[in-house]
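Asker: Turn this into a structure:
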Amino acid sequence: MIRRVFFAALLLLPALQQAEPLVRIGLDQNATAVTIRSTEAFRIQGQSARTVRFSTILTLGEAANGAVVAKRDVRYRMAVELDGNRYLVVPMDTHIRIQPPSAPRTARLQVDDRSYRGVVEVFGNARNTFTVVNELPLEEYLLGVVPNELSPATFGELEALKAQAVAARTYILKNMGQSSAEGYDICDTDQCQVYFGAGTEDPLATRAINETRGVVATYDGQPINALYSSTCGGRTESVENIFEEKLPYLVSVLCEYKHPEPRKFSTSRVISNFQSAVLTVAGVSNYSDARRFLGVGGAGEPPSTATPQLAKYLRETFYSGVRTGSDLEFLIEQGILPGAGAIDSSEVLYRLIDRKGAFEWQQGILISWDGQILKLAIGGTPTEFRLGPDAPIFFRMGEERTAMQEGGWIGGELLDFRAVNGVVQMVVYRRNYVNPSADRYSRLAQWQVHKTKQEIETAFRSLNLGTIQGLRVIERGASERPVSTEVTGSRAKTTLRALRLRALLGLRDSLFYFDEERNASGDLLGITFYGSGWGHGVGMCQVGAYGMAMDGAGYQDILKRYYTGIELETMY
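Answerer: You can find the predicted model right below:
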């Protein structure tokens, strides 16, 4: 899963095929010690060994014991222990190259706990530690990348693995030499491409690499920056909204191959205000109705709507078991009455029902909808409900709820609903493309994370905004990822781009909505994030590639779905 964008110099594709390039991968850039071993003897600086250990030592030349020496006379040197009984000592800037054993052909060099094809090179760096590099032909490099970027054990579709092979091959060709100042081409982590060497090779991934040998994705004859991420959440995002550099082939696209048609829904009752809809469905228009709905005894309406008298009535009627020194303060604390300003009776009635959980909201993911019957996954169990013809229906985006008279569901929508005797009386849904989208096979197609006030304060501490008061999305991209979000604190406010906000909050993806939790005084208590996807969401969706292959797509179809306007060319 590539998480960082690099824009290196363009690599020209010649009209004639060229030789397969060698790739230098930085396995470690700050090692204090390195151990290399093999079952067969290998050569190092003219010496034969099966195990070598690199470490640093300080040398003082011929200085006598107890002598004071100048700093310039103290030198770091590379000490190479050979088979535990000999030492080779050379300057730190020496590049020691270890060729793999010549026989048997399956023998590999093992660096610490991983085995590798090709040459391993070790040299000292400016930090007086070791840089470890693995050098090998590009196609052999891919053998250690593809099965670690898209697991054949979990996502065992050959065409998806072929798409991954072409994307990984194209990415390294585009970004070759991005770390040349450090002595290698590319790193081995998800900051570049995950590379774990020969020990993780897989037969199906190897077949995918071999059957696409030399094939790269190009735009205007040049290799593209073939970004990809694990799970796009139903739609990828345009690159400029995440990495701030516009590219014609990295634009937002639906993550789908065979996309189902939406099934229409409608209702005969539209109530524009969400709270009014809840009260209408509950049959509550006064305090007597509220008592009935909540199953509370008593009779009559409050003797007065003046604040002290109303507070006394509400506490005695709906919180009769509570003893408090101030009815008003108690009800403000419970969020039933406002801390200041006029009292709206409808607002109070709604808060009574909401705070006591009396409306009995349920939540499920829509599996299917035939125009009458909703099949919902509730806690992993499929359950069927009939949609009432006059059920108010609301579309939710963040904290906004919009009344809908008609629309369409395709499956995968997250529904909050109230049902009585199997009939849905009210629905609030969040749109998503998860169920019909090609990345629906990911366990991270949907996720939910709650952040406490303390966690939020810690996340944004480096911004020096003071006490965090809230978030506000200013702009969303085509995939509905927040392109820019305003963070307001007690001392200042700032606007964050998607990638920065995601990193600070530690979220799986920047495709999310959120609900802020506040006390009666309006202070922020926490935020719940409802998200989809995993990664930056630009370019190829890896699980989506698997889903497309499951639906019959070839690797060319997959790549041309996620990378707009590309061609596939054979480079060598």
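Asker: Run through this protein and note the low-pLDDT ranges.
Answerer: Along the chain, segments meeting pLDDT under 70 span 1-17, 61-67, 103-106, 259-260, 398, 432-436.
Asker: Can you tell me which residue is spatially central in it?
Answerer: By C-alpha atoms, centre = their mean, the chain has its centre lying nearest to Trp534, at 2.5 Å.
Asker: For it, give me its contacts.
Answerer: Counting by C-beta atoms under 8 Å, 6 or more residues apart in numbering, Trp534 makes contact with 1, 229-231, 442, 444, 508-509. C-beta: built from backbone N, CA, C; applies to glycine.
Asker: Just among those residues, which is most surrounded?
Answerer: Counting neighbours by other C-beta atoms under 10 Å, Thr231 comes out on top of the contacts of Trp534 with 30 neighbours.
Asker: Helices of the chain, residue ranges please.
Answerer: Taking DSSP state H as the criterion, the chain contains helices spanning 138-143, 146-149, 158-175, 203-211, 274-282, 287-294, 307-318, 327-333, 345-355, 453-459, 498-505, 542-550, 555-562.
Asker: out of those helices, nearest to Ser266?
Answerer: helix 274-282 (15.8 Å; C-beta to C-beta).
Asker: looking at the helices of the chain, which is closest to Ile36?
Answerer: Ile36 sits nearest to helix 138-143 of all those, at 18.1 Å, using C-beta to C-beta.
Asker: ok now the closest one, how far from the chain's centre?
Answerer: Averaging C-alpha positions (C-alpha atoms, centre = their mean, to the nearest Å) puts helix 138-143 27 Å from its chain's average.
Asker: next one: stretch 138-151
Answerer: Offset of stretch 138-151 from its chain centre (C-alpha atoms, centre = their mean): 21 Å.
Asker: how about that stretch as CSV, C-alpha atoms only?
Answerer: C-alpha atoms of stretch 138-151 as CSV (Å, rounded to 0.1, in the frame of the first residue of the first chain):
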residue,chain,number,x,y,z
LEU,A,138,13.3,-5.7,-11.4
GLU,A,139,11.2,-8.8,-12.0
GLU,A,140,12.8,-10.6,-9.1
TYR,A,141,12.2,-7.6,-6.9
LEU,A,142,8.4,-7.9,-7.8
LEU,A,143,8.4,-11.5,-6.5
GLY,A,144,8.9,-10.0,-3.0
VAL,A,145,6.4,-7.1,-3.5
VAL,A,146,3.3,-8.4,-5.1
PRO,A,147,2.3,-11.1,-2.5
ASN,A,148,2.9,-8.6,0.3
GLU,A,149,0.9,-5.8,-1.3
LEU,A,150,-2.0,-8.1,-2.3
SER,A,151,-2.1,-11.4,-0.4
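Asker: ok now do Ala438, which residues does it touch?
Answerer: 255-257, 541, 543-548, 550-551.
Asker: 7 Å instead?
Answerer: The neighbours of Ala438, taking C-beta atoms under 7 Å, 6 or more residues apart in numbering as the test, are 255-257, 541, 544, 547-548.
Asker: Most neighbours out of those residues, which is it?
Answerer: Gly544 (36 neighbours).
Asker: Taking the contacts of Ala438 together, which two end up most distant?
Answerer: Those two in those that are separated most widely, counting by C-beta to C-beta, are Tyr257 and Cys541, at 11.4 Å.
Asker: Give me the neighbour count for the closest residue to Asp515 other than its chain neighbours.
Answerer: Nearest non-adjacent residue to Asp515, counting by C-beta to C-beta, 6 or more residues apart in numbering: Thr528, 4.8 Å away. The tally of other residues near Thr528 (other C-beta under 10 Å) stands at 14.
Asker: Wait, Thr528 touches Glu516, no?
Answerer: No - using C-beta atoms under 7 Å, Thr528 is not in contact with Glu516; the gap is 8.4 Å.
Asker: pretty sure Phe318 is in contact with Gly298, am I right?
Answerer: No - judged on C-beta under 7 Å, Phe318 makes no contact with Gly298 at a distance of 9.2 Å.
Asker: ok, these two, which is more surrounded?
Answerer: Ranked by neighbour count (other C-beta under 10 Å), Phe318 and Gly298 place Phe318 first, with 20 against 12.
Asker: Leu337 versus that one, what's the distance?
Answerer: 12 Å (C-beta to C-beta, to the nearest Å).
Asker: likewise Leu294?
Answerer: 17 Å.
Asker: quick one: which of those two has more around it?
Answerer: Ranked by neighbour count (other C-beta under 10 Å), Leu294 and Leu337 place Leu337 first, with 23 against 15.
Asker: Now that one. Its backbone dihedrals?
Answerer: phi -110, psi 150 (degrees, to the nearest 10).
Asker: same check, this time on the one 5 residues further on
Answerer: Note on Ala342: backbone dihedrals following degrees, to the nearest 10 are phi -70, psi 150.
Asker: Number of residues surrounding it?
Answerer: Look at Ala342: counted by other C-beta under 10 Å, it has 7 neighbours.
Asker: and it, how far is that from Ile186?
Answerer: According to C-beta to C-beta, Ala342 and Ile186 sit 64 Å apart.
Asker: Repeat that for Ile566.
Answerer: Look at Ile566 and Ile186: by C-beta to C-beta, they are 21 Å apart.
Asker: cool, Ser320 as well?
Answerer: For Ser320 relative to Ile186 (C-beta to C-beta), the value is 69 Å.
Asker: which one of these two has more residues nearby?
Answerer: The neighbour count for Ser320 versus Ile186, taken as other C-beta under 10 Å, is higher for Ile186 (24 against 11).
Asker: I'd assumed Cys192 was in contact with that one.
Answerer: Yes - taking C-beta under 7 Å as the definition, Ile186 is a contact partner of Cys192 at 4.7 Å.
Asker: Now do the same contact list for Met540.
Answerer: Met540 sits next to 163, 167, 228, 562-563 when contact means C-beta under 7 Å, 6+ apart.
Asker: Specify which member of those residues is nearest to Ala19.
Answerer: Ala167 (22.0 Å).
Asker: what's the nearest residue to the closest one if we skip its chain neighbours?
Answerer: Ala167's closest residue in space is Ala226 (C-beta to C-beta, 6+ apart), at 4.4 Å.
Asker: isn't the one you found right next to Ile172, touching?
Answerer: No - judged on C-beta under 7 Å, Ala226 makes no contact with Ile172 at a distance of 9.1 Å.
Asker: Show me what the residue nearest to the centre of the chain is bridged to.
Answerer: The partner list for Trp534 in beta bridges (DSSP bridges) reads Thr231.
Asker: how distant is stretch 185-205 from the center of its chain?
Answerer: Distance, centroid of stretch 185-205 to centroid of chain: 20 Å (C-alpha atoms, centre = their mean).
Asker: Between the two ends of that stretch, what distance do you get?
Answerer: 23 Å (C-alpha to C-alpha, to the nearest Å).
Asker: Could you number the chain from 33 rather than 1 from now on?
Answerer: Sounds good: first residue 33 from here, last item stretch 217-237.
Asker: Give me the buried positions along that stretch.
Answerer: Neighbour counts over stretch 217-237 (16 or more other C-beta atoms under 10 Å) mark 217-220, 222, 224-230, 232-234, 236-237 as buried.
Asker: related to what we said a few turns ago, which one of the helices of the chain lies closest to Lys278?
Answerer: Short answer: helix 530-537, nearest of the helices of the chain by C-beta to C-beta, at 14.8 Å.
Asker: hmm, who's touching that closest one?
Answerer: For helix 530-537, contacts defined as C-beta under 7 Å, 6+ apart pick out 273-275, 483, 491-492, 513-515, 517, 541-542, 568.
Asker: By neighbour count, which of these wins?
Answerer: Neighbour max across the contacts of helix 530-537 (other C-beta under 10 Å) = Arg513, 32 neighbours.
Asker: Show me what the lengthiest strand in the chain is packed against.
Answerer: Using DSSP state E, we find that the single longest strand of the chain is strand 79-91. Judged by 3 or more C-beta pairs under 7 Å, 6 or more residues apart in numbering; DSSP states H and E, strand 79-91 is in contact with strand 66-76, strand 107-114.
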